[in-house]
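> Requesting a structural model of the entry that follows:
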Amino acid sequence: MGTKERRENERQKIKKEIYKAASEIIINEGYAKLSIRKIASKIDYSPAFIYNYFENKADIVSSIWKENANEIIDTMSKLKLTSDNEKENIKHLYKTYISLILESPEEYRAIMLNDIEGISRIYFDFTEEEKENLRIKDIKKYYDKYLEIGILRTVDTEKYAFFSWISINGLISNIILSSNKDKEFIDKIIDDYLDFMIYGIFKDDK
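Next comes the predicted model:
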C-alpha cells in the first residue's frame with residue numbers, strides 16, 4: 001500500500017469516527033445540541049482538527065447523508081437479479097436495500113429520523129430519479145407481468161410498488177428503534193415480512 005492510499009484510508013477512518021460521534025450526539029441530545037466542540041471532545045481531537053475535514057456541523061450531517069445515499073444508489077443500480085423465480089428477484093432487491101441501511105443504524109436513526117433542515121428523506125413524493133435509483137419502476141414491471149398472466153390479484157401495480165417502499169422504510173425504522181437487537185430474530189422478521197408483502201398478493205404460490 002502506497003503512502004497516498006494509507007493517507008486516504010486514515011482520512012476515511014477519521015471521518016467515520018466523526019460521523020459516529022455526531023450521530024450519537026444527535027440521538028441523545030438532538031441536532032440543536034450538536035457542535036464541533038462536542039464532537040471533538042467525544043473522539044479526543046481538537047475542534048481545529050475537525051475543521052480540516054468539515055466546515056461546520058451542517059456539513060458533517062450532509063456528508064453522512066450523501067455518503068450513505070450514494071452507496072445505496074450505487075449498489076442498488078448495479079444489483080444483478082439472476083434468479084429464474086422473479087418473485088425471489090424482488091425479494092433480493094428489497095432485502096439488499098434493507099441490509100444496506102442496517103449497516104449504519106445509528107447514522108440512519110440520527111439523520112433520517114430527526115427533522116434536520118436540508119436533508120432529503122423518503123416521503124410520499126418520490127422524484128423520478130428516486131424511482132429509478134430504488135428500482136421502483138423495475139418492480140412495477142414484474143407486477144405488470146404477473147397481472148397480465150393471471151397469477152396476481154387485481155391490484156394497481158404502480159401504487160403497490162410505491163407503497164411497498166414506503167412500508168419497507170417503516171419496517172427499517174421499527175427495527176432500528178427497537179430494543180431487540182438479536183440478529184437471528186431480526187433476519188426472520190425481515191424474511192417473514194418480505195414473504196408476506198411479496199407473495200401475499202399472488203393468487204397462488206406458483
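> Leu113 touches Ile175, doesn't it?
No. Contact criterion Cβ atoms under 8 Å: Leu113 and Ile175 do not qualify, at 11.9 Å. Where C-beta positions appear, they are placed from N, C-alpha and C, glycine not excepted.
> The two: which has the busier surroundings?
Neighbours were counted for Leu113 and for Ile175 using other Cβ atoms under 10 Å; Ile175 has more, 20 against 15.
> quick one: pLDDT of the more buried one?
Looking at Ile175, its pLDDT stands at 94.
> Quick check: which element contains it?
Assigned by DSSP states H and E, Ile175 belongs to helix 157-177.
> quick one: that helix to chain centroid distance?
Its chain's average C-alpha position is 11 Å from that of helix 157-177, according to Cα atoms, centre = their mean, to the nearest Å.
> Give the buried residues for the longest helix along the chain.
Under DSSP state H, the helix in the chain containing the largest number of residues is helix 3-29. Neighbour counts over helix 3-29 (16 or more other Cβ atoms under 10 Å) mark 14-15, 17-26 as buried.
> That one packs against which elements?
Helix 3-29 sits against helix 36-43, helix 57-78, helix 105-112, with contacts defined as 3 or more Cβ pairs under 8 Å, 6 or more residues apart in numbering; DSSP states H and E.
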